[in-house]
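fold the following, please.
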Amino acid sequence: MTRRLLLMLPLVGFLVLGAFLYQGLSLNPFQRESALMAREFPAFQLPTLEDPERIVDESLLEGEVTLVNVWGEWCPTCKQEMPQLLDLADRGVRLVGVDYKDTREKGGAFLAEFGNPFEVNIFDSEGVLGFDLGVYGAPETFLVDRDGIIRYHHTGYIKPEDVHDVILPEVRKWQ
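Below is the predicted model:
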């Protein structure tokens with residue numbers, strides 16, 4: 001009897017592990033919550049994309065509700081989302097970009113081709129700010145309130161329907 005029980009343990013362990021893995025298949029990684037929710041935007045000091053001599057920090061995000069969008073020239077979905085960001089800017093939403101793990105030349109060419117909805121573009125060539133934000137891929141967007149607190153996190157590109165259904169209501173909630 002004991003020998004039979006010992007032979008069953010690996011099978012039971014496999015079934016338990018299989019159940020956990022099966023449950024994980026139903027989870028959507030794009031619906032994860034940011035660990036920074038309701039916390040201050042991380043401190044940083046980085047140059048802007050347009051002017052390497054101009055250094056900006058987290059105080060840039062205080063005083064006005066701001067969408068901070070992490071993007072890169074190398075990111076195909078960033079190209080797909082640009083019309084929605086331009087639409088948001090046209091509607092008066094303040095946008096700040098974080099050019100993530102890019103070069104100045106490629107970042108500038110990207111904005112010249114697809115448009116520039118951003119009031120300021122933070123140049124994060126080494127990905128330091130992206131790391132502090134917990135970014136695991138571009139695009140990602142953070143809504144920051146007037147006090148510099150992260151209030152919403154959108155993983156993946158902003159689809160056209162997200163502008164009306166998600167982003168604008170979140171912006172209005174925190175204005």
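
which SS state does residue 143 fall under?
Here residue 143 takes the strand state, with states given by DSSP: H, G, I helix; E, B strand; the rest coil.

centroid-nearest residue for this protein?
residue 140 (2.0 Å; Cα atoms, centre = their mean).

right, and that one touches residue 133 too?
Yes. The criterion here is Cβ atoms under 8 Å, and residue 140 meets it with residue 133 at 7.3 Å. Yep, even glycine has a C-beta here, placed from its N, CA and C like the rest.

what touches both of these two?
Residues touching both residue 140 and residue 133 by Cβ atoms under 8 Å, 6 or more residues apart in numbering: residue 70.

can you map out the helices along the protein?
With DSSP state H as the criterion, the chain has helices at 2-25, 76-90, 104-114, 128-133, 160-162, 168-174.

which regions of the protein sit below the pLDDT cut-off?
Residues of the chain meeting the criterion pLDDT under 70: 1, 5-36.

again, only this time at 80
Judged by pLDDT under 80, the chain has its weakly predicted residues at 1-37.

give me the neighbour count for residue 37.
Taking other Cβ atoms under 10 Å as the criterion, the count of residues near residue 37 is 12.

need the contact list for it.
The contact partners of residue 37, by Cβ under 8 Å, 6+ apart, come to 150, 151, 152, 153.

the same query, at a cut-off of 6 Å, please.
Residue 37 is in contact with residue 150, counting by Cβ atoms under 6 Å, 6 or more residues apart in numbering.

ok, now how distant is it from residue 130?
Remark: distance between residue 37 and residue 130 (Cβ to Cβ, to the nearest Å) = 17 Å.

just residue 97 next, same as before
Per Cβ to Cβ, residue 97 is found 12 Å from residue 130.

of those two, who's got more company?
The residue with more neighbours, out of residue 97 and residue 130, is residue 97; 27 against 20, by other Cβ under 10 Å.

okay, now the closest residue to the more buried one other than its chain neighbours: neighbour count?
The shortest distance from residue 97 to any non-neighbouring residue, by Cβ to Cβ, 6 or more residues apart in numbering, is to residue 118 (3.8 Å). Neighbour count for residue 118, taken as other Cβ under 10 Å: 23.
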